[in-house]
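Peer 1: need a 3D model of the sequence below.
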Amino acid sequence: DAIFPALNSQLVVAHQSLYRKYRSQTFDDLIGQDHVVRTLQNAISSGRIGHAYLFTGPRGTGKTSTARLLAKALCATDGPTATPSDDDPICKAIAEGNFVDVVEMDAASESGVDDIREQIVEVAEYRPMIARYKVFIIDEVHDLSSKAFDALLKTIEEPPEHLIFILATTEYNKVPPTIRSRCQKYEFHRASMADLTDRLNYVLKHEGIEADPAAIAAISRMADGGYRDALTLLEQAILTTEEGRITLNQVYDQLGLVPEETIDRLLLSIRAADIVGIMETLGEIARLGRDPRSVLDSMMQRMSDLTRAAYQVPTGASDGAREASLYETAQRLGRDYLLRLRGQIAEAHKTLRDITLPRLWLEAELIRLATPSVPVVAPVAVSAAVAPIAPPTPVAEPIRRRVMPDEAPPTPTAAEPIPAETPIEPETPAAVSEE
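Peer 2: Numbering: from 1, shown residues only. You can find the predicted model right below:
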């Protein structure tokens with residue numbers, strides 16, 4: 001410090017992402033996976049600890065966090081315990097990722113057979129240095145090569161008593177059946193809208209930031225059930241806020257979506273076959289800088305909520321004004337039309353990627369959906385004042401006649417000599433036999 005005082009004064013602590021800062025550190029903090037937590041805690045309390053676990057589910061649902069929590073429960077100083085303490089030095093070291101007896105691998109970057117042999121197979125026989133167990137956490141295990149799976153199979157099939165494997169994957173079907181059959185499988189579910197909203201409000205409270213309920217609801221919908229995605233979107237919204245409050249329009253600008261009021265106006269224009277309204281609304285959206293794919297994404301998101309409202313399925317709306325708007329728009333569109341239009345928009349979404357002029361194509365496609373049975377008007381007849389164009393006069397050509405058997409042959413010209421006729425000899429009658 002005395003040698004480089006100026007350099008040390010400029011050092012800035014690296015920013016920690018929200019999804020890392022608010023990662024679940026205890027089983028009680030793990031939201032939306034009660035079935036997994038309950039099963040694991042019962043197994044630990046009863047002493048029925050498996051040697052291999054397979055966590056599967058969508059991204060951002062807590063698979064890696066649960067793997068670390070299970071490692072804490074198994075390796076804690078007073079463990080195995082179903083309620084590991086955050087104050088335990090071993091648990092702190094595991095949370096920081098520098099505990100010697102817990103090895104984490106990313107199969108996406110370490111997928112070769114040599115990686116498995118060096119980090120697992122060759123060290124499997126050695127006893128743990130501090131804890132009771134040596135835990136191997138392999139994330140994205142489906143990315144391992146076939147040879148790597150073959151090298152890992154024997155160790156998973158007959159592991160030493162001190163070895164625990166925790167495998168995590170988002171694509172369960174890519175894990176070989178020989179590996180799956182030797183692991184205890186745990187399914188992780190997507191988060192509900194209520195769970196995501198509660199988690200985001202919890203983070204906002206601790207960060208000291210305010211947000212409109214509609215903005216939090218929009219972030220929760222776009223997260224698609226993933227906690228990590230929700231916290232990442234929230235962090236982006238926090239970085240773009242200016243007055244310390246997150247608004248709905250700010251979230252729309254951040255995500256590149258179209259406001260719900262604009263989408264409702266576009267849907268109602270399609271329902272009423274209002275061509276002018278469709279073109280004006282699309283022009284307004286284009287001035288906002290939204291591309292056609294964002295328009296279709298916003299329409300599909302909105303129609304999903306409208307379908308729920310039409311069939312009285314809970315929509316998760318956090319405020320009464322938005323819920324009332326949903327029911328009103330759904331009633332004006334009608335159930336049958338809403339379902340049909342939703343399918344047509346989904347087909348258009350698939351076609352969009354092959355279009356070279358997407359903005360003009362979207363305008364034409366929405367007009368077509370608004371007027372599916374417009375008759376084709378016949379072209380206007382040519383005015384009688386215009387003189388018709390006379391057909392061309394055919395060119396006279398010599399006609400070659402074919403002489404029929406009952407017609408006389410034509411008289412030859414002088415230039416063509418008449419061949420001499422050969423006299424025809426009378427036929428000799430055949431002798432008639434007398435019988």
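Peer 1: switch to C-alpha atoms for all contacts and neighbour counts from now on
Peer 2: Fine.
Peer 1: so which residues of the stretch 51-200 of the chain form strands?
Peer 2: Secondary structure of the stretch 51-200 of the chain by DSSP state E, counting those that start in this stretch: the strands cover 52-56, 102-106, 134-139, 163-169, 184-187.
Peer 1: present those as CSV; the columns should include mean pLDDT and distance to residue 18.
Peer 2: Shown next, in CSV, are the strands of the stretch 51-200 of the chain (pLDDT from 0 to 100; distance: least, C-alpha to C-alpha, whole Å):
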stretch, mean pLDDT, distance to residue 18
strand 52-56, 93, 23
strand 102-106, 88, 21
strand 134-139, 91, 21
strand 163-169, 92, 22
strand 184-187, 93, 25
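Peer 1: possible to save these as a markdown table with distance to residue 198?
Peer 2: Converted to a markdown table, the strands of the stretch 51-200 of the chain look like this (distance: least, C-alpha to C-alpha, whole Å):
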| stretch | distance to residue 198 |
| --- | --- |
| strand 52-56 | 24 |
| strand 102-106 | 30 |
| strand 134-139 | 27 |
| strand 163-169 | 26 |
| strand 184-187 | 22 |
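Peer 1: make JSON lines out of these and add mean neighbour count and distance to residue 149.
Peer 2: Below are the strands of the stretch 51-200 of the chain laid out as JSON lines (neighbours: other C-alpha atoms under 10 Å; distance: least, C-alpha to C-alpha, whole Å):
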{"stretch": "strand 52-56", "mean neighbour count": "22", "distance to residue 149": "14"}
{"stretch": "strand 102-106", "mean neighbour count": "18", "distance to residue 149": "14"}
{"stretch": "strand 134-139", "mean neighbour count": "24", "distance to residue 149": "12"}
{"stretch": "strand 163-169", "mean neighbour count": "24", "distance to residue 149": "12"}
{"stretch": "strand 184-187", "mean neighbour count": "16", "distance to residue 149": "17"}
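Peer 1: and the helix or strand containing residue 37, average pLDDT?
Peer 2: Applying DSSP states H and E as the criterion places residue 37 in helix 34-46. Mean per-residue pLDDT for helix 34-46: 92.
Peer 1: quick check: buried residues in it?
Peer 2: The neighbour-count check on helix 34-46 (16 or more other C-alpha atoms under 10 Å) flags 36-37, 40-41, 44 as buried.
Peer 1: what does it contact?
Peer 2: For helix 34-46, the surrounding residues in contact (C-alpha atoms under 8 Å, 6 or more residues apart in numbering) are 27, 30, 49, 70, 73, 80-82, 186-188.
Peer 1: between strand 52-56 and that helix, find me the angle.
Peer 2: Angle, helix 34-46 to strand 52-56, by axes from the mean of the first three to the mean of the last three C-alpha atoms, to 10 degrees: 170 degrees.
Peer 1: and residue 345, what element?
Peer 2: Here residue 345 is assigned to helix 335-351, by DSSP H and E.
Peer 1: following that helix, which helix or strand comes up?
Peer 2: Criterion used, DSSP H and E; the element after helix 335-351 is helix 358-370.
Peer 1: same question for that following helix: list its buried residues.
Peer 2: In helix 358-370, counting by 16+ other C-alpha under 10 Å, buried: 358-359, 362-363, 366-367, 370.
Peer 1: does anything pack onto that helix? Which helices or strands?
Peer 2: In terms of contact count using 3 or more C-alpha pairs under 8 Å, 6 or more residues apart in numbering; DSSP states H and E, helix 358-370 is assigned the packing partners helix 260-271, helix 275-287, helix 292-310, helix 335-351.
Peer 1: mind listing residues that contact it?
Peer 2: 269-275, 278-279, 282, 291-292, 341, 344, 348, 352, 355.
Peer 1: where's it relative to the chain centroid, distance-wise?
Peer 2: How far helix 358-370 lies from its chain's middle: 23 Å, per C-alpha atoms, centre = their mean, to the nearest Å.
Peer 1: cool, and stretch 320-338?
Peer 2: 26 Å.
Peer 1: likewise for stretch 37-56?
Peer 2: Centroid separation for stretch 37-56 versus its chain: 32 Å, with C-alpha atoms, centre = their mean.
Peer 1: return the alpha-carbon coordinates of it using PDB.
Peer 2: Extracted in PDB, the C-alpha atoms of stretch 37-56 (Å, rounded to 0.1, in the frame of the first residue of the first chain):
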ATOM      1  CA  VAL A  37     -36.300 -29.500  -0.600                       C
ATOM      2  CA  ARG A  38     -38.700 -31.700   1.400                       C
ATOM      3  CA  THR A  39     -37.400 -34.900  -0.200                       C
ATOM      4  CA  LEU A  40     -33.700 -34.000   0.200                       C
ATOM      5  CA  GLN A  41     -34.200 -33.000   3.900                       C
ATOM      6  CA  ASN A  42     -36.100 -36.200   4.700                       C
ATOM      7  CA  ALA A  43     -33.300 -38.300   3.100                       C
ATOM      8  CA  ILE A  44     -30.600 -36.500   5.000                       C
ATOM      9  CA  SER A  45     -32.500 -36.700   8.300                       C
ATOM     10  CA  SER A  46     -33.100 -40.400   7.900                       C
ATOM     11  CA  GLY A  47     -29.500 -41.100   6.800                       C
ATOM     12  CA  ARG A  48     -30.600 -42.400   3.300                       C
ATOM     13  CA  ILE A  49     -28.100 -40.500   1.300                       C
ATOM     14  CA  GLY A  50     -27.700 -41.500  -2.300                       C
ATOM     15  CA  HIS A  51     -24.400 -41.600  -4.100                       C
ATOM     16  CA  ALA A  52     -25.600 -39.900  -7.300                       C
ATOM     17  CA  TYR A  53     -28.300 -37.200  -7.900                       C
ATOM     18  CA  LEU A  54     -29.600 -35.900 -11.200                       C
ATOM     19  CA  PHE A  55     -31.200 -32.400 -11.100                       C
ATOM     20  CA  THR A  56     -33.200 -31.600 -14.300                       C
END
